[in-house]
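S.K.: sequence? don't have it. structure:
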Ligand SMILES: Cc1cc2nc3c(=O)[nH]c(=O)nc-3n(C[C@H](O)[C@H](O)[C@H](O)COP(=O)(O)OP(=O)(O)OC[C@H]3O[C@@H](n4cnc5c(N)ncnc54)[C@H](O)[C@@H]3O)c2cc1C
């Protein structure tokens with residue numbers, strides 16, 4: 001354990017979204033005497049993806065058995081519900097219906113049903129009549145009912161994890177951006193990390209940490225580059241050594257008050273298996289509101305939520321990346337459809353009216369936006385699973401798309417276990 005100056009830590013965690021906070025909390029539980037600091041560049045926690053998502057506790061319908069996504073989602077579903085229950089945080093488990101609207105979708109629905117069974121989920125196949133008995137406002141030719149899908153407030157969960165971390169003596173530094181990462185020697189044997197931090201007034205400070213975990217969300221690729229980390233073995237991108245974060249805006253509408261009782265379950269379309277996003281769905285929230293969304297449109301500013309937000313740095317990062325061009329040229333039609341749904345409310349609405357015909361334009365009360373950090377390989381392939389990178393004394397979460405909020409607790413556990421293997425007894 002270090003006994004040096006105030007600014008020397010055993011563990012530093014970069015990123016104050018749900019993954020960073022969950023990971024810091026679990027390091028502190030595992031090593032109660034260690035000195036831990038969590039560094040977040042914004043003035044509060046959960047400002048980005050964690051604070052702009054659908055609030056769904058996923059069950060594991062879509063993920064390939066054996067993948068990180070499947071494993072972490074199944075464990076995360078139980079862990080999140082358990083955490084909310086024991087911490088008295090709001091959550092509900094209304095279940096989810098995945099609704100097919102034509103014969104082509106029924107075929108894909110059957111594949112999804114088999115996948116649910118392979119993942120060991122409690123599911124039921126419904127015909128059109130059973131569907132409309134459960135959901136009078138929803139129409140379709142068939143559906144899957146997934147019993148364990150739920151809803152939660154991931155900002156509240158992050159906040160509670162942070163309180164627990166601080167109660168155990170962990171430190172949280174807000175408004176401090178990590179701008180430099182380099183190696184530094186601890187004693188004779190351990191090369192840890194030196195971090196340079198910059199606050200909003202351009203004042204710089206330095207800290208040292210024996211081990212660093214980076215959960216940087218939309219900045220994940222830049223932090224990997226800053227630290228010179230190498231990607232872990234890939235199942236999914238053989239021969240590829242680099243990736244970039246492509247920001248995908250996800251636009252929603254909160255529905256008018258008359259729609260508060262529109263549905264009893266989460267209602268999802270059958271997704272296109274080639275695309276990583278689940279399609280525009282109807283989601284009740286724990287505060288009683290109901291939303292529809294999100295679509296998926298490439299964004300020009302990674303952490304920009306306004307429609308006209310552009311960052312020259314982020315736009316250049318996208319335009320100069322061959323992987324983004326390859327991806328867009330592989331899916332020109334879906335890209336155009338998504339773009340149209342972003343600019344024309346009636347196109348957006350049409351996607352939901354296929355299975356919920358009673359909705360009208362006047363029901364789309366308030367817009368709401370999130371930006372997904374989607375890693376894309378340089379060959380244009382979307383990174384489907386969670387992806388990690390490392391140096392000798394740091395671990396990076398490079399790709400943590402949905403269901404990462406659901407999966408935050410097991411992902412944090414995984415990072416602690418991986419760190420333990422790497423630390424070889426350096427920290428007691
Ligand atoms: C539209 C949308 C809908 C989604 N729906 C769901 C859902 O229903 N269920 C689900 O399970 N998941 C969902 N997700 C996914 C989930 O929200 C994210 O995967 C999860 O929040 C990722 O958490 P994170 O901590 O990795 O990232 P973030 O919450 O983005 O946090 C990363 C943090 O790192 C900080 N940071 C970056 N660079 C630095 C630096 N240099 N120094 C210091 N701090 C830095 C950022 O400020 C940020 O706070 C959705 C995501 C989106 C965008």
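M.R.: Received it, and whenever you're ready, just let me know what you need. Being a predicted model, the structure only gives us computed values, none of them experimental.
S.K.: residues contacting residue 162?
M.R.: By C-beta atoms under 8 Å, 6 or more residues apart in numbering, the contact list for residue 162 reads 16, 21, 25, 38, 45, 172. (Glycine included, C-beta is placed from N, CA and C.)
S.K.: Okay, and which of the residues you listed map to strands?
M.R.: Here DSSP state E is the test, and the contacts of residue 162 give 38, 172 as lying in strands.
S.K.: Of the contacts of residue 162 - the most surrounded one?
M.R.: residue 21 (31 neighbours; other C-beta atoms under 10 Å).
S.K.: Which residue does the stretch 151-300 of the chain have closest to the ligand?
M.R.: residue 217 (2.6 Å; C-beta to the nearest ligand atom).
S.K.: returning to what we had before: make JSON lines out of the contacts of residue 162 and add distance to the ligand.
M.R.: Shown next, in JSON lines, are the contacts of residue 162 (distance: C-beta to the nearest ligand atom, whole Å):
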{"residue": "16", "distance to the ligand": "5"}
{"residue": "21", "distance to the ligand": "7"}
{"residue": "25", "distance to the ligand": "13"}
{"residue": "38", "distance to the ligand": "9"}
{"residue": "45", "distance to the ligand": "7"}
{"residue": "172", "distance to the ligand": "11"}
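S.K.: As TSV, the contacts of residue 162 with pLDDT would be great.
M.R.: Listed next are the contacts of residue 162 as TSV, based on pLDDT from 0 to 100:
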residue	pLDDT
16	98
21	98
25	98
38	98
45	98
172	98
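S.K.: Adding distance to residue 59, write the contacts of residue 162 out as CSV.
M.R.: Output for those, formatted as CSV (distance: C-beta to C-beta, whole Å):
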residue, distance to residue 59
16, 27
21, 23
25, 24
38, 29
45, 26
172, 31
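S.K.: Which one of the contacts of residue 162 is nearest to residue 57?
M.R.: residue 21 (17.2 Å; C-beta to C-beta).
S.K.: Any idea how many residues pack against residue 337?
M.R.: 15.
S.K.: same check, this time on the one 10 residues further on
M.R.: Using other C-beta under 10 Å, residue 347 has 15 other residues around it.
S.K.: Validate this expectation: it resides in a helix.
M.R.: Yes. Counting by DSSP: H, G, I helix; E, B strand; the rest coil, residue 347 is located in a helix.
S.K.: Name the residues that touch the helix or strand harbouring residue 411?
M.R.: Applying DSSP states H and E as the criterion places residue 411 in helix 408-423. Defining contact as C-beta under 8 Å, 6+ apart, one finds that helix 408-423 is touched by 11, 18-19, 22-23, 25-27, 30, 71-72, 75-76, 79-80, 83, 154, 157, 210-211, 213, 386, 388, 390, 392-393, 395, 397, 400, 404.
S.K.: now residue 102, nearest residue through space, not along the chain?
M.R.: Among residues not flanking residue 102 along the chain, residue 141 sits closest, at 6.6 Å (C-beta to C-beta, 6 or more residues apart in numbering).
S.K.: right, and the one you found touches residue 104 too?
M.R.: No. Look at residue 141 against residue 104 with C-beta atoms under 8 Å: they stay out of range, at 10.4 Å.
S.K.: Compare neighbour counts for the two and give me the winner.
M.R.: Remark: of residue 141 and residue 104, residue 141 carries more neighbours, 15 against 10, as counted by other C-beta under 10 Å.
S.K.: What distance do you get for the more buried one to the ligand?
M.R.: As judged by C-beta to the nearest ligand atom, to the nearest Å, residue 141 and the ligand stand 26 Å apart.
S.K.: do the same with residue 73
M.R.: Counting by C-beta to the nearest ligand atom, the separation of residue 73 from the ligand is 8 Å.
S.K.: Confirm that residue sits in a strand?
M.R.: No. Read with three-state DSSP, residue 73 is helix and lies in no strand.
S.K.: Give the full set of residues in contact with it.
M.R.: Neighbours of residue 73 in contact, by C-beta under 8 Å, 6+ apart: 58, 59, 60, 63, 403, 406, 407.
S.K.: Give me the pLDDT for the third one.
M.R.: So the one you mean is residue 60. Listed pLDDT for residue 60 reads 97.
S.K.: where does it land in three-state SS?
M.R.: Going by three-state DSSP: residue 60 is coil.
S.K.: Check which helix or strand whichever residue of the stretch 251-400 of the chain sits closest to the ligand maps to.
M.R.: Minimum separation of the stretch 251-400 of the chain from the ligand (C-beta to the nearest ligand atom) falls at residue 370, amounting to 2.9 Å. Using DSSP H and E, residue 370 sits in strand 364-377.
S.K.: Identify each buried residue in that strand, please.
M.R.: 364, 368, 369, 370, 371, 372, 373, 374, 375, 376, 377 (16 or more other C-beta atoms under 10 Å).
S.K.: List the contacts of the closest residue to the fifth one other than its chain neighbours.
M.R.: It stands for residue 371. Excluding its sequence neighbours, the residue lying closest to residue 371 (C-beta to C-beta, 6+ apart) is residue 247, at 4.9 Å. Listed by C-beta under 8 Å, 6+ apart, the contact set of residue 247 reads 218, 298, 299, 301, 302, 314, 318, 371, 372, 373, 374.
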